[in-house]
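A.B. asks: Return a 3D structure for these sequence lines:
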Amino acid sequence: MIRTGVFSGSFNPIHIGHLALANWLCEYGGLEALWFLVTPQNPLKNLSQLMDDDLRLSLVKEAVKDYPHFRVSDFEFHRPQPAYTIDTLHALKSLYPDREFVFILGADNWASLKRWKESDKLMEEFSIIVYPRKGFDVVIPDNYPNIHTVDAPMFEISSTFIRQALEDNKDIRFFLPEAISHYFSPENNFGKSLIHQ
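C.D. replies: The predicted model follows:
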(Lines give C-alpha, C1' and ligand atoms only; values in the text may rest on other atoms or scores of the structure.)
Protein backbone atom coordinates (compact mmCIF):
# COMPACT_ATOMS: atom_id res chain seq x y z
CA MET A 1 0.00 0.00 0.00
CA ILE A 2 1.34 3.40 -0.97
CA ARG A 3 0.85 5.78 1.95
CA THR A 4 -0.61 8.82 0.19
CA GLY A 5 -1.45 12.13 1.80
CA VAL A 6 -4.56 13.98 0.66
CA PHE A 7 -3.98 17.71 1.07
CA SER A 8 -7.36 19.19 0.26
CA GLY A 9 -8.01 22.90 -0.12
CA SER A 10 -8.99 25.79 -2.32
CA PHE A 11 -5.35 26.93 -2.74
CA ASN A 12 -6.63 30.43 -3.41
CA PRO A 13 -3.76 30.90 -4.29
CA ILE A 14 -1.18 28.28 -3.36
CA HIS A 15 1.74 29.71 -1.35
CA ILE A 16 5.04 28.57 0.15
CA GLY A 17 3.38 27.55 3.42
CA HIS A 18 1.39 24.88 1.56
CA LEU A 19 4.47 23.61 -0.24
CA ALA A 20 6.79 23.64 2.76
CA LEU A 21 4.31 21.65 4.86
CA ALA A 22 3.70 19.15 2.06
CA ASN A 23 7.45 18.79 1.52
CA TRP A 24 7.98 18.18 5.27
CA LEU A 25 5.23 15.55 5.40
CA CYS A 26 6.84 13.60 2.54
CA GLU A 27 10.40 13.86 3.85
CA TYR A 28 9.74 13.59 7.61
CA GLY A 29 6.09 12.66 8.12
CA GLY A 30 6.01 9.15 6.71
CA LEU A 31 4.16 9.85 3.45
CA GLU A 32 5.33 8.24 0.22
CA ALA A 33 3.23 10.57 -1.93
CA LEU A 34 1.05 13.61 -1.47
CA TRP A 35 -1.88 14.69 -3.62
CA PHE A 36 -2.96 18.32 -3.72
CA LEU A 37 -6.73 17.95 -4.05
CA VAL A 38 -7.96 21.29 -5.36
CA THR A 39 -11.52 21.89 -4.21
CA PRO A 40 -14.06 23.74 -6.37
CA GLN A 41 -16.29 24.60 -3.43
CA ASN A 42 -16.05 24.39 0.33
CA PRO A 43 -19.49 24.14 1.98
CA LEU A 44 -18.18 26.29 4.86
CA LYS A 45 -16.74 29.06 2.66
CA ASN A 46 -18.16 31.81 0.49
CA LEU A 47 -17.78 30.64 -3.12
CA SER A 48 -17.51 34.24 -4.39
CA GLN A 49 -14.08 34.54 -2.74
CA LEU A 50 -12.58 31.89 -5.01
CA MET A 51 -10.48 32.50 -8.08
CA ASP A 52 -11.49 30.53 -11.16
CA ASP A 53 -11.33 26.76 -10.56
CA ASP A 54 -9.16 25.94 -13.58
CA LEU A 55 -6.83 28.85 -12.80
CA ARG A 56 -6.24 27.67 -9.22
CA LEU A 57 -5.64 24.15 -10.51
CA SER A 58 -3.14 25.31 -13.12
CA LEU A 59 -1.24 27.46 -10.58
CA VAL A 60 -0.92 24.47 -8.24
CA LYS A 61 0.29 22.25 -11.10
CA GLU A 62 2.90 24.79 -12.11
CA ALA A 63 4.03 25.32 -8.52
CA VAL A 64 4.67 21.62 -7.75
CA LYS A 65 5.69 20.19 -11.12
CA ASP A 66 9.34 19.48 -10.30
CA TYR A 67 8.89 17.51 -7.04
CA PRO A 68 8.45 13.75 -7.64
CA HIS A 69 6.30 12.99 -4.56
CA PHE A 70 3.59 15.55 -5.42
CA ARG A 71 0.57 15.11 -7.64
CA VAL A 72 -2.26 17.56 -8.36
CA SER A 73 -5.83 16.35 -8.64
CA ASP A 74 -9.08 17.86 -9.89
CA PHE A 75 -10.98 14.82 -8.62
CA GLU A 76 -13.61 16.87 -6.80
CA PHE A 77 -14.27 19.02 -9.89
CA HIS A 78 -16.10 16.03 -11.36
CA ARG A 79 -18.14 15.09 -8.31
CA PRO A 80 -21.55 16.36 -7.13
CA GLN A 81 -21.26 19.74 -5.42
CA PRO A 82 -20.73 20.55 -2.70
CA ALA A 83 -18.15 17.80 -2.34
CA TYR A 84 -17.71 16.41 1.16
CA THR A 85 -14.45 14.96 2.44
CA ILE A 86 -15.93 11.67 3.62
CA ASP A 87 -17.49 11.01 0.19
CA THR A 88 -14.31 11.97 -1.65
CA LEU A 89 -12.12 9.70 0.47
CA HIS A 90 -14.49 6.77 0.00
CA ALA A 91 -14.42 7.32 -3.77
CA LEU A 92 -10.61 7.56 -3.83
CA LYS A 93 -10.29 4.41 -1.74
CA SER A 94 -12.52 2.54 -4.19
CA LEU A 95 -10.65 3.76 -7.27
CA TYR A 96 -7.13 3.29 -5.90
CA PRO A 97 -7.10 0.13 -3.76
CA ASP A 98 -3.28 0.06 -3.82
CA ARG A 99 -3.10 3.27 -1.77
CA GLU A 100 -3.65 4.05 1.88
CA PHE A 101 -5.08 7.56 1.89
CA VAL A 102 -4.14 9.79 4.79
CA PHE A 103 -6.15 12.97 5.20
CA ILE A 104 -4.11 16.07 6.11
CA LEU A 105 -5.85 18.50 8.42
CA GLY A 106 -4.80 21.72 10.13
CA ALA A 107 -5.32 22.15 13.86
CA ASP A 108 -7.79 24.96 13.10
CA ASN A 109 -9.96 22.59 11.06
CA TRP A 110 -9.58 19.88 13.67
CA ALA A 111 -11.27 22.26 16.09
CA SER A 112 -14.33 22.46 13.81
CA LEU A 113 -14.33 18.89 12.50
CA LYS A 114 -17.58 18.03 14.28
CA ARG A 115 -19.35 20.37 11.83
CA TRP A 116 -18.22 18.22 8.89
CA LYS A 117 -20.43 15.64 7.24
CA GLU A 118 -20.17 12.26 9.01
CA SER A 119 -17.14 13.40 10.98
CA ASP A 120 -17.29 10.36 13.26
CA LYS A 121 -17.02 8.02 10.27
CA LEU A 122 -14.18 10.10 8.87
CA MET A 123 -12.22 9.75 12.09
CA GLU A 124 -12.99 6.03 12.41
CA GLU A 125 -12.34 4.92 8.85
CA PHE A 126 -9.35 6.99 7.69
CA SER A 127 -5.89 7.88 8.89
CA ILE A 128 -5.60 11.59 9.64
CA ILE A 129 -2.54 13.76 10.16
CA VAL A 130 -3.18 16.95 12.13
CA TYR A 131 -0.55 19.65 11.64
CA PRO A 132 -0.02 22.53 14.10
CA ARG A 133 -1.56 25.97 13.77
CA LYS A 134 -0.88 28.86 16.11
CA GLY A 135 -3.52 29.27 18.81
CA PHE A 136 -5.02 25.79 18.46
CA ASP A 137 -4.35 22.94 20.86
CA VAL A 138 -5.03 19.46 19.53
CA VAL A 139 -6.42 16.79 21.82
CA ILE A 140 -7.07 13.45 20.14
CA PRO A 141 -9.27 10.94 22.02
CA ASP A 142 -7.57 7.64 22.81
CA ASN A 143 -10.13 5.69 20.80
CA TYR A 144 -8.80 7.08 17.49
CA PRO A 145 -5.39 5.39 17.05
CA ASN A 146 -5.38 6.27 13.34
CA ILE A 147 -5.22 10.03 14.05
CA HIS A 148 -1.84 11.59 14.77
CA THR A 149 -0.34 15.00 15.22
CA VAL A 150 2.99 15.93 13.64
CA ASP A 151 5.65 18.26 14.95
CA ALA A 152 5.93 20.07 11.62
CA PRO A 153 7.20 23.65 11.46
CA MET A 154 4.40 26.22 11.66
CA PHE A 155 3.90 28.34 8.57
CA GLU A 156 1.72 31.29 9.50
CA ILE A 157 0.99 32.30 5.92
CA SER A 158 -2.51 32.18 4.52
CA SER A 159 -4.11 32.66 1.13
CA THR A 160 -6.15 35.45 2.73
CA PHE A 161 -2.91 37.23 3.60
CA ILE A 162 -1.67 36.78 0.01
CA ARG A 163 -4.87 38.21 -1.48
CA GLN A 164 -4.87 41.19 0.90
CA ALA A 165 -1.21 41.90 0.14
CA LEU A 166 -2.02 41.97 -3.57
CA GLU A 167 -4.86 44.40 -2.89
CA ASP A 168 -2.39 46.59 -0.99
CA ASN A 169 0.18 46.49 -3.82
CA LYS A 170 2.78 44.71 -1.68
CA ASP A 171 5.74 42.91 -3.20
CA ILE A 172 5.28 39.38 -1.82
CA ARG A 173 7.29 37.39 -4.34
CA PHE A 174 9.04 35.33 -1.64
CA PHE A 175 5.73 34.19 -0.11
CA LEU A 176 4.80 32.47 -3.38
CA PRO A 177 6.26 29.45 -5.14
CA GLU A 178 9.01 30.61 -7.48
CA ALA A 179 7.34 28.98 -10.49
CA ILE A 180 4.26 31.21 -10.20
CA SER A 181 5.57 34.34 -8.44
CA HIS A 182 5.92 36.24 -11.72
CA TYR A 183 2.13 36.21 -12.11
CA PHE A 184 1.86 38.25 -8.91
CA SER A 185 4.79 40.65 -9.30
CA PRO A 186 4.26 44.41 -8.80
CA GLU A 187 5.32 44.99 -12.41
CA ASN A 188 2.65 42.61 -13.63
CA ASN A 189 -0.71 43.72 -12.28
CA PHE A 190 -2.04 40.31 -13.29
CA GLY A 191 -2.17 39.12 -9.69
CA LYS A 192 -4.73 41.71 -8.67
CA SER A 193 -6.84 40.93 -11.72
CA LEU A 194 -6.71 37.22 -10.85
CA ILE A 195 -8.28 37.67 -7.46
CA HIS A 196 -11.12 39.79 -8.89
CA GLN A 197 -12.27 37.32 -11.55
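A.B. asks: in this structure, which spans are helices?
C.D. replies: Counting by DSSP state H, the chain has helices at residues 16-27, 53-64, 85-95, 107-111, 119-125, 159-167, 190-194.
A.B. asks: Can you pull out the low-pLDDT segments for this structure?
C.D. replies: 41-48, 188-197 (pLDDT under 70).
A.B. asks: rewinding a little: which one, of the helices of the chain, ends up nearest to residue 145?
C.D. replies: Among the helices of the chain, the nearest to residue 145 by C-beta to C-beta is helix 119-125 (10.5 Å). For glycine as for every other residue, the C-beta is placed from the backbone atoms N, C-alpha and C.
A.B. asks: tell me which strands and helices that closest one is in contact with?
C.D. replies: Counting contacts by 3 or more C-beta pairs under 8 Å, 6 or more residues apart in numbering; DSSP states H and E, helix 119-125 packs against helix 85-95.
A.B. asks: Remind me what the helix it packs on packs against, helices and strands.
C.D. replies: strand 2-9, strand 99-106, helix 119-125.
A.B. asks: Need the contact partners of that helix.
C.D. replies: With contact meaning C-beta atoms under 8 Å, 6 or more residues apart in numbering, helix 85-95 is reached by 6, 8, 37, 75-76, 79, 99, 101, 103, 116-119, 121-122, 125-126.
A.B. asks: ChimeraX command for the buried members of these?
C.D. replies: In ChimeraX syntax, the buried subset of these is picked out as below (16 or more other C-beta atoms under 10 Å):
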select :6,8,37,75,76,99,101,103,116,122,126
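A.B. asks: circling back to that earlier point, can you lay out the helices of the chain as a markdown table showing distance to residue 182?
C.D. replies: Shown next, in a markdown table, are the helices of the chain (distance: least, C-beta to C-beta, whole Å):
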| stretch | distance to residue 182 |
| --- | --- |
| helix 16-27 | 15 |
| helix 53-64 | 10 |
| helix 85-95 | 32 |
| helix 107-111 | 30 |
| helix 119-125 | 39 |
| helix 159-167 | 14 |
| helix 190-194 | 9 |
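A.B. asks: Minimum distance to residue 70: which of those helices has it?
C.D. replies: Here helix 53-64 is closest among the helices of the chain (C-beta to C-beta), at 4.2 Å.
A.B. asks: Tell me the buried residues in the closest one?
C.D. replies: Quick answer for helix 53-64 (16+ other C-beta under 10 Å): 53, 56-57, 59-61, 63-64.
A.B. asks: Right, I'll leave it there.
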